[in-house]
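Visitor: A predicted structure for the sequence below; I have some questions about it.
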Amino acid sequence: MSRDFDWSAFLFLLGALRWTVVLSIIAFVGGGVGGLLLALMRTSPYRTLRWIASGYIGLLQGTPVLMQLFLAYYGLAVLTGLRIDPWPAVTLAFTLYAAAFLGEIWRGAIQAIPRQQWEAAAAIPLSPFAQLRHVILPQAMRIAIPPTVGFLVQLIKGTSIASIIGFVELTRAGQLIVNVTFQPMIVYPIIALLYFALCWPLSLLALRLERRIDAALGIGQPA
Amino acid sequence: MPLLALANLRKQFGTNRVLDDVSLDVEAGEVVAVIGRSGSGKTTLLRCINGLERIDAGSIHFEGKPLPLGGAALREARRHIGIVFQSLNLFPHHSVERNITLGPTVTNDVPLAQAKALALDALRQVDLEDKLHAYPAQLSGGQQQRVAIARALAMQPRLMLFDEITSALDPELVGEVVKVLERLAKSGMTMVLVTHEMGFARRTADTLVFMHKGRVWEKGPPRELFAAPKTRELESFIRAVLEPND
């Protein structure tokens, strides 16, 4: 028994889009906190911290996100002894994944700030925390914005993998609709457009933020 | 008691001995110019006095107390020891005013209004009070170094270190910075300068220190040293800097 793609099917997709957004936001915010921590560990003077952070980043970046997802899914099931819901597994997996990538992006941004800026801050003499807060991070942020938003866009699109363990986000919802309508060439273009509608404004926002921060830095202003 | 007392400093990078048994006393109000070829240890000496580099042996006493090795105790000592670097390193994301008020407000807990008054006062000392709201990118190299001096002065240091602060500047911008340094020296500030400006060193310094191979090779009043160097090394150095084309 098949039915056509209709308004209610579209609403179903929109409902699922919400879960794509929620998952992306949780992974981005959680990964942001973890990523900042990792970036600071990677640039800290303590070898052990640097070692732990680069080990974590290397491991997560060197394995497919799909494996991480399976490990989180079955790992949580084994640990808790329950057959679990995909929801905690996908949020855990994507948060850990985002932390590794953001950590690496932000490490690069922090290290792009010349050593002399640290020394100038140490000379007046700010504490290491104040050096980061007032001197290093504001400058690193500017450098980090384009790749960070770029990663967010990748993350949003990447959440489609969560469909594999049965988490009903946009892509999974699309598969379900295709199963009943047999109209993939209607459903998938709509899904693609929905992803695009999410990601494209983000890219525009990144551009605007970059310009505004440039202006705040006095870059490009007449002398 | 000297304001700054360096005794038998040694600093090595690997097997390379950059400072070798350096001893030097600096009295309050004294202006000490350190000269020497590149690689003679001048810059390392300044960085050790500020604790940016850790000495391997010897002692540094500031106001009679040993300079702490690191942490909050070193930061406490550094509040009184200003340093200006060769590289232009104002904070590019902050206005001139914020560059100067950052230290007083964050480190010294000075209220912002009072810190702004300090900033204006410090900018007057370097003739740049009209650049209060400019950003570093809008300033020439000479102006940036003068703001860097103001940034250090706003901490009201008791000792100022200058590490070849005119070396990165175009020649026509050196004069304005040197003028500020001369005025500062006249005001009674205790200063240790690493410099290649021989005219300035001769005119302004009370003591000239010639460093060679990580050691204090010769030391004395600049006029005497320039007129009658006791060592071949200083003599050939003076000849090389005064007649660079020969």
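Guide: Looks like it came in fine. All values derive from a computational prediction rather than experimental measurement. Residues are numbered from 1 along each chain as shown, chains lettered A, B, ... in the order given.
Visitor: rest of the way, CA atoms for contacts and neighbours
Guide: Noted.
Visitor: OK, contacts around A:Ile136?
Guide: Shown in contact with A:Ile136 (CA atoms under 8 Å, 6 or more residues apart in numbering or on different chains): A:Ile110, A:Ile113, A:Gln117, A:Trp118.
Visitor: looks to me like it is in a strand.
Guide: No - A:Ile136 is assigned helix when assessed by DSSP: H, G, I helix; E, B strand; the rest coil, not a strand.
Visitor: pull out the buried positions in the helix or strand hosting A:Leu36.
Guide: Using DSSP states H and E, A:Leu36 sits in helix A:7-42. Buried residues in helix A:7-42, defined by neighbour count with 16 or more other CA atoms under 10 Å in any protein chain shown: A:9-10, A:12-14, A:16-17, A:19-21, A:23-28, A:30-42.
Visitor: stretch B:206-224 now?
Guide: Quick answer for stretch B:206-224 (16+ other CA under 10 Å): B:206-220, B:222-223.
Visitor: now, which of those residues lie within helices?
Guide: B:Pro222, B:Arg223 (DSSP state H).
Visitor: so where do the helices sit in chain A?
Guide: Under DSSP H, chain A gives helices at A:7-42, A:47-61, A:65-80, A:86-111, A:115-123, A:128-130, A:137-158, A:170-181, A:184-216.
Visitor: chain B too?
Guide: If DSSP H is used as the criterion, the helices of chain B fall at B:42-49, B:71-78, B:96-102, B:112-125, B:141-153, B:171-186, B:198-204, B:222-227, B:232-242.
Visitor: against chain B, how distant is the closest residue to A:Gly150 other than its chain neighbours?
Guide: Once flanking residues are discounted, A:Gly150 sits nearest to A:Ser203: 7.2 Å by CA to CA, 6 or more residues apart in numbering or on different chains. Distance of A:Ser203 to chain B, computed by CA to the nearest CA, to the nearest Å: 24 Å.
Visitor: burial measure for A:Ser203, as a count.
Guide: A:Ser203 has 15 neighbouring residues, counting by other CA atoms under 10 Å in any protein chain shown.
Visitor: grab the nearest non-local neighbour of B:Gly141.
Guide: B:Leu169 (6.0 Å).
Visitor: list the contacts of the residue lying closest to A:Thr95 once chain neighbours are set aside.
Guide: Spatial nearest neighbour of A:Thr95, excluding adjacent residues (CA to CA, 6+ apart): A:Ala27 at 4.1 Å. By CA under 8 Å, 6+ apart, A:Ala27 lies in contact with A:Thr91, A:Leu92, A:Phe94, A:Thr95, A:Leu96, A:Ala98.
Visitor: quick revisit: adding mean pLDDT, write the helices of chain A out as CSV.
Guide: Formatted as CSV, those follow (pLDDT from 0 to 100):
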stretch, mean pLDDT
helix A:7-42, 96
helix A:47-61, 97
helix A:65-80, 90
helix A:86-111, 96
helix A:115-123, 96
helix A:128-130, 95
helix A:137-158, 93
helix A:170-181, 94
helix A:184-216, 88
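Visitor: most tightly surrounded among these?
Guide: Each of those was scored by mean neighbour count; the highest is helix A:86-111, a mean of 23, by mean count of other CA atoms under 10 Å in any protein chain shown.
Visitor: that one - contacts with which helices or strands?
Guide: Contacts defined by 3 or more CA pairs under 8 Å, 6 or more residues apart in numbering or on different chains; DSSP states H and E place helix A:86-111 against helix A:7-42, helix A:47-61, helix A:65-80, helix A:137-158.
Visitor: so what's the gap between it and the chain middle?
Guide: With CA atoms, centre = their mean, to the nearest Å as the basis, helix A:86-111 stands 6 Å off its chain's centre.
Visitor: for the residue most central in space within chain B, list each beta-bridge partner.
Guide: Per CA atoms, centre = their mean, the C-alpha nearest to the average position across chain B is that of B:Phe162, at 1.6 Å. For B:Phe162, the beta-bridge partners are B:Val84, B:Leu193 (DSSP bridges).
Visitor: re the thing from before, and of the helices of chain A, who's closest to B:Lys186?
Guide: helix A:115-123 (23.8 Å; CA to CA).
Visitor: now the contacts of A:Ala27 as a markdown table including distance to B:Ala113?
Guide: A markdown table is the format used below for the contacts of A:Ala27 (distance: CA to CA, whole Å):
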| residue | distance to B:Ala113 |
| --- | --- |
| A:Thr91 | 47 |
| A:Leu92 | 48 |
| A:Phe94 | 47 |
| A:Thr95 | 44 |
| A:Leu96 | 45 |
| A:Ala98 | 43 |
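Visitor: closest to chain B out of those residues?
Guide: Checking these against chain B by CA to the nearest CA gives A:Ala98 as the nearest, at 28.1 Å.
Visitor: hmm, A:Phe28 and the closest one touching each other?
Guide: Yes - between A:Ala98 and A:Phe28 a contact is recorded at 6.3 Å, counting by CA atoms under 8 Å.
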